[in-house]
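*Asks:* just a sequence and a predicted model for now, questions to come.
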Amino acid sequence: MKVARILTIALLLVPIVLLAQAQGRIKGLIKDTANKPIAGAKITITCPEITNFRREVVTDEKGEFATIVADGTKQYLFRIEANGFQGQEAMVKPRIGGQTLEVSYTLKSIAELQAEAAKEALEQPGIKDQREAFELLGAGKKAEAKAKLEAAVAAMPELYISWLELGKMDLEDGKPKAAIEKADRCLGISFNFTACLALGLNAARQLGDKALIERFESAYKLANPTDPSIPFNEAVEFLNKGDDAKARPLLEQALQADPKYADALFQLGMVYFRLGETPKAKEMLKKFLEVAPDHKEAPTATEMLKYM
């Protein structure tokens, strides 16, 4: 009777031993691409075959973690997450029989991924052509740069900066109509982009088309209400007609927007002189020389001051 009782206990112990042998031990390291450990990384462990199994472990200051699963005969899904890093998933099959499986995972930082994406974007057709065009412009190779800009907009018509540069080249080459076309292409992509509005306005003025001047000027004013060049250019029209009285408030308006606007300082000084307001003329011309001593009108201002 006593012997039978011992046998019964022994039989009950058999499944426990077998279960212990099926355990899986896992030890891991989470690091970044510079091989530095990532502390505080979270590893979420689930098992596709055991739907209610879920465990979370966190790495220590050395980036390490360790865990045991009861059934090492199955595969487990590891999801690794860490702040500032791209997450990662991996299927893991533990070892059984008291052995420990050692795993290591390397996470890329979000900053690294962004840098890689930016680098990849720079190599895209269109983007690459535009980048190379600006390099050529910096080297003074205008013809080669123009070819690259044309290739850029052919590959990616939405590159409004390339349209702007092509329009500026047209304007420099005395082709205002072509420049206006480029300005419109640019504005069709980037509505109210100041540089393209200015390109269209300058091209319209070169062309002498009053309707186009009004269109671009109105849009430019709305986009840049404090730009001193707007009232200054209006003043120039009156100065060319010899109407100092109408030019004066416009020049003063330009200087309210930018007190160091050299062209307005000089022209207002000359207007004051012609209107007989010598002290004001002297003040304006002195300030003009302080602000822009190398301006093309500096010699004229210097001579004028000798007679005041």
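*Replies:* Sure thing, it's come through. Please read these numbers as outputs of a predicted model, since none were measured by experiment.
*Asks:* what ranges do the helices span in the stretch 101-250 of the chain?
*Replies:* 110-122, 127-138, 142-155, 160-172, 176-189, 194-207, 210-223, 229-240, 244-257 (DSSP state H, counting those that start in this stretch).
*Asks:* for Met91, helix, strand, or coil?
*Replies:* Put simply, Met91 is strand when judged by DSSP: H, G, I helix; E, B strand; the rest coil.
*Asks:* that one reaches Lys74, doesn't it?
*Replies:* No - under the criterion of C-beta atoms under 8 Å, Met91 is not in contact with Lys74, lying 10.5 Å apart. Backbone N, C-alpha and C define where each C-beta goes, glycine included.
*Asks:* so for the two, which residue has more residues nearby?
*Replies:* Lys74 (16 against 9; other C-beta atoms under 10 Å).
*Asks:* might you report the residue contacts of that one?
*Replies:* Shown in contact with Lys74 (C-beta atoms under 8 Å, 6 or more residues apart in numbering): 47, 49-50, 93.
*Asks:* looking at the residues you listed, which is nearest Lys210?
*Replies:* Cys47 (77.9 Å; C-beta to C-beta).
*Asks:* wait, the closest one touches Phe53, no?
*Replies:* Yes - if you go by C-beta under 8 Å, Cys47 and Phe53 touch, sitting 4.4 Å apart.
*Asks:* pick out the residue nearest the middle of the protein.
*Replies:* Taking C-alpha atoms, centre = their mean, the centroid of the chain lies closest to Ala118, which sits 9.5 Å from it.
*Asks:* distance check, that residue against Glu112.
*Replies:* 11 Å (C-beta to C-beta, to the nearest Å).
*Asks:* same thing with Ile80?
*Replies:* Taken as C-beta to C-beta, the span from Ile80 to Glu112 is 16 Å.
*Asks:* between those two, which one's more packed in?
*Replies:* Ile80 (23 against 15).
*Asks:* in a strand, the more buried one, correct?
*Replies:* Yes - counting by three-state DSSP, Ile80 is located in a strand.
*Asks:* bridged to it, which residues?
*Replies:* When bridges are called by DSSP bridges, Ile80 pairs up with Ile43, Gln88.
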